[in-house]
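Colleague: got a sequence here, can you model it:
(one chain, ligands or ions: 1)
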Amino acid sequence: MNSNLEKLIDLQQIDFRIAALRAEIAALPGEVARIEAKLAVSKARVEAAQAALKADESARRKHESAIKDQQEKISKYRDQSLKVKTNQEYKALLSEIEQAESQIAKLEDKVLEIMVAADTRKETLKQAEAALKADTAEIEKEKEHARRQTAEDEKQAAELGAQRQQLRTGINDDTLRHYDRVLKLRGSALAAVRDDEMCSVCRVILRPQVYQDILKGEEPVYCDYCHRILYYVPPPPQEPPQEEAPQDAKSEAAPQQAAAQPDEAAAQS
Ligand SMILES: [Zn+2]
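Modeller: Predicted coordinates for the structure are as follows:
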């Protein structure tokens, strides 16, 4: 094969590898951002759970202070009831006391509800904190991975870049220009041709003259349709037909088969 073609094949391999590395480097920040978004959700859950607990605590204190107020009222009414002159005044005070007691009962129910809910609230907070801790560890790990991977990819891309430059100096300018243009436009610049006389990428059947030129391999030949640079790949060598294994070897390889034939076993004994 023409040495220019061999260099072009190597060059395209290197260009593909550099492109894959660049794609990987570009995708890494996206992966970090995805986990960061997950982390933000976990943080918000912890904050919401903490806020709910805090709100419950403040409501409980408010109810308890209201209970105390009502209790003070009741003892004040009781004191007053000792000094009243009329039955009517006494009844009025009793009614006030009853109202305050019913108020206290309602407030105590609310306090109890909060205390019962507290266990669930605390469990929710505990779970949210555990998830946050796990996500925080994950983001640290992912950032470290992204940092390492990027550095590794950059290093490999730089090494390949040097190899690429080296290869390009050995290929003539016109061919390189054609290669660069087709690679940019089509994602690949080369196509193999086999004995079916077709461009293996666009599947167009080549003109006989074009096919003959490819076989000669002297000048770069382009596909008329997709403009890729064509190179001939000979068919793989034919494998010689396998000889049948001798009969003895076969029966040795499958002793259980022999045992399964009682007639033969009986004949041998
Ligand atoms: Zn083609």
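
Colleague: to what extent is Ala44 buried, counted in neighbours?
Modeller: For Ala44, the number of neighbouring residues by other C-beta atoms under 10 Å comes to 12. Placement of C-beta: from N, CA and C, glycine included.

Colleague: next one: Cys199
Modeller: When neighbours are counted by other C-beta under 10 Å, Cys199 registers 22.

Colleague: same deal with Ala27?
Modeller: Summarising burial for Ala27: neighbours were counted as other C-beta under 10 Å, giving 11.

Colleague: how near is it to Leu107?
Modeller: Using C-beta to C-beta, to the nearest Å, Ala27 is found at 59 Å from Leu107.

Colleague: with Lys155 instead?
Modeller: The value you get for Lys155 to Leu107, if C-beta to C-beta is used, is 70 Å.

Colleague: domain parsing for this protein?
Modeller: Residue ranges for the domains of the chain, per automatic domain parsing: 3-169, 173-232.

Colleague: and the last one, anywhere near the ion?
Modeller: In this case it means domain 173-232. Yes. Contact of domain 173-232 with the ion (C-beta under 5 Å from the ion) involves Cys199, Cys202, Cys223, Tyr225, Cys226.

Colleague: find the helix or strand that the second one is a member of.
Modeller: When secondary structure is defined by DSSP states H and E, Cys202 falls outside every helix and strand.

Colleague: wait, it sits on Tyr225?
Modeller: Yes. Using C-beta atoms under 8 Å as the test, Cys202 is close enough to Tyr225 to be in contact (5.1 Å).

Colleague: which of Lys155 and Leu107 has more neighbours?
Modeller: It is Leu107, of Lys155 and Leu107, that has more neighbours when counted by other C-beta under 10 Å, with 19 against 11.

Colleague: and the gap between the nearest residue to Arg45 once chain neighbours are set aside and Glu47?
Modeller: Take Arg45 and drop its neighbours on the chain: the residue closest to it by C-beta to C-beta, 6 or more residues apart in numbering is Ala128, 4.2 Å away. Distance of Ala128 to Glu47, given as C-beta to C-beta: 9 Å.

Colleague: out of these two, which sits in the busier spot?
Modeller: Neighbour comparison, Ala128 and Glu47: the larger count goes to Ala128, with 19 against 12 (by other C-beta under 10 Å).

Colleague: give me the mean pLDDT for whichever strand or helix holds that one.
Modeller: Taking DSSP H and E as the definition, one finds Ala128 inside helix 87-169. Helix 87-169 shows a mean pLDDT of 95 in the predicted model.

Colleague: same question for stretch 226-246.
Modeller: 81.

Colleague: which residues touch it?
Modeller: 1, 5, 8-9, 175, 178-179, 182, 186, 188-195, 199, 201-202, 204, 206, 210, 214-215, 217, 220-223 (C-beta atoms under 8 Å, 6 or more residues apart in numbering).

Colleague: let's see which of those residues end up in strands.
Modeller: Leu190, Ala191, Ala192, Val193, Val221, Tyr222 (DSSP state E).
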